[in-house]
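# I need the structure of the sequence given here:
(one chain, ligands or ions: 1)
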Amino acid sequence: MWKEIEAAPADAILGLTEAFKKDTRFAKVNLGVGVYKDDEGNTPILDSVKAAEKRIIEIQNTKSYMPIAGEAAYGEEVQKMIFGSLCDRAETIHTPGGTGALRVAADLLAKFGSKTIWVSNPTWANHNNIFQAAGLTIKTYPYYDAKTKDLDADGFFAALEKIPADDCVLLHACCHNPSGVDLSTDQWKQVAQIAQKNGWFALVDFAYQGFGISLDADRIGVDELLKSGIDFFVASSFSKNFGLYRERTGALTAVAATPADAETAMSHMKATARVLYSNPPAHGGMIVTTILKDAELSKLWKSELDGMREHIAQARAALAEGLTARGVPMDCSFMTRQKGMFSFSGLTKDQVNFLKEEKAIYIVGSGRINVAGLTHGNLGFVCDAIAEAMKK
Ligand code: LMR
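Below is the predicted model:
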């Protein structure tokens, strides 16, 4: 079967980690995949997660199947997190990670929507793979202006105005991946207004709640869409904010016109999930529910989340300072304006290759640097190498 088949290319992000692991050079640094590292270069299990796991191990009494949609308590906690309170015209299912949520949404858009999805230029590389696999037609709208290293507001809004009714628009709730450029409250209001006027549908990728400004401030986009009354999906991931990467913990929330419509959406989310993966993996969802339902654990988790966000902000400032001190031919102030784990550095493909081949520093081909992977130990080496690459 495989003789005539060409091998698939390595994944643009996780493929880099595979290559990194095989690299035998001593001073190697992986700034590819979006994974948080502490100052020792570890991705620790949060204390709140460890405490929740202990409780779960003690009281868990079955490994029987989960409901297709996951436990109702999980869905309720997810809604409180993304909306600030429960929403009666929304239904939530527990999915294997944010990727699982996106795929369920994509299948539903292919079945019931216009089959066209608009994504920002640029966007997370895997968005294209997921939507393509579901049979959607992918179109792009302008988003990032490489000159100003900011939003191309004119291009963005002009393109949104032209998106026809029933098409779906993918939006990043916060910490835009890969650019780190987020919309202001006013800009979100404008997006919601256009969505309502044109009658398009939105899919909000919410993978970094709490990594931008705060858990609540990062919800502004979802809030504005909710107020506008449009139908939309929210794909949540708890890989980053709970550090549950390998537990594949996510959720898909459908917001519909009425509670009855949301129930219809729920029936189809379940039917789709059943075909794709049957029912969700339990452990990560149990951790999230245990933490969010317990005041003490919630408090601990929120302080750990704040700590991760502050650590990344410090790493951004240190990177910008380190590069400026090395005289790179670029104003680095944008690095501290960008939000989330990534800095869209402006490094070219050749420079990215140079860093990998000559310095064993791994960065995504688009020039996206995982700032959350910088430590005191590797910062100087990384700044030296990037400065050398930029001056070449
Ligand atoms: C990333 O963009 O690096 C993360 O979202 C991890 C992934 O699955 O690609």
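
# contacts, neighbours, all on C-alpha from now
Noted.

# which element is the residue in the stretch 151-300 of the chain that the ligand sits nearest to on?
Closest residue of the stretch 151-300 of the chain to the ligand, CA to the nearest ligand atom: residue 177 (6.6 Å). Element membership for residue 177, per DSSP states H and E: none, as it lies in no helix or strand.

# Tally up the residues packed near it, please.
25 (other CA atoms under 10 Å).

# quick one: contacts for it?
By CA atoms under 8 Å, 6 or more residues apart in numbering, the contact list for residue 177 reads 123-124, 342.

# List the contacts of residue 224.
With CA under 8 Å, 6+ apart, residue 224 has these contacts: 188-189, 192.

# Actually, residue 165.
198-201.

# Of those residues, which belong to strands?
In strands, defined here by DSSP state E, the members of the contacts of residue 165 are residue 201.

# what's around residue 184, how many residues?
Residue crowding around residue 184 was assessed by other CA under 10 Å; the count is 12.

# before we move on, the earlier item: just send the contacts of residue 224 back as CSV, with pLDDT too.
Supplementary listing: the contacts of residue 224 in CSV, determined by pLDDT from 0 to 100:
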residue, pLDDT
188, 98
189, 98
192, 98
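
# Of these, which is the most crowded?
residue 192 (24 neighbours).

# Spatially nearest residue to it, not counting backbone neighbours?
Ranked by CA to CA, 6 or more residues apart in numbering and with sequence neighbours excluded, the top spatial neighbour of residue 192 is residue 225, at 5.2 Å.

# Grab the longest helix from the chain for me.
Criterion DSSP state H: the longest helix present in the chain is helix 295-325.

# name the helices or strands packed onto that helix?
On a contact count with 3 or more CA pairs under 8 Å, 6 or more residues apart in numbering; DSSP states H and E, helix 295-325 meets helix 47-59, helix 282-293, helix 334-337, helix 376-391.

# now the second one, how far from the chain's geometric center?
So that's helix 282-293. Taking the mean of its C-alpha atoms, helix 282-293 sits 19 Å from the chain's own mean (CA atoms, centre = their mean, to the nearest Å).

# same check, this time on the shortest one
For helix 334-337, the distance between its averaged C-alpha position and the chain's averaged C-alpha position is 19 Å (CA atoms, centre = their mean).

# Flag every buried residue along that helix.
334-337 (16 or more other CA atoms under 10 Å).

# what's the answer for the last one, then?
The neighbour-count check on helix 376-391 (16+ other CA under 10 Å) flags 378-383, 385-390 as buried.

# swap in stretch 3-16?
Buried-residue list, stretch 3-16, by 16+ other CA under 10 Å: 12-13, 16.

# ditto for stretch 46-64
Buried residues in stretch 46-64, counted by 16+ other CA under 10 Å: 46, 48-49, 52-53.

# is it possible to export those residues to CSV including pLDDT?
Shown next, in CSV, are the buried residues of stretch 46-64 (pLDDT from 0 to 100):
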residue, pLDDT
46, 98
48, 98
49, 98
52, 98
53, 98
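
# Which helix or strand in this structure has the lowest average pLDDT?
One helix or strand of the chain scores below all others by mean pLDDT, DSSP states H and E: strand 342-344, with a mean of 92.

# ok, back up a step: looking at the buried residues of helix 334-337, which is nearest the ligand?
residue 335 (17.4 Å).
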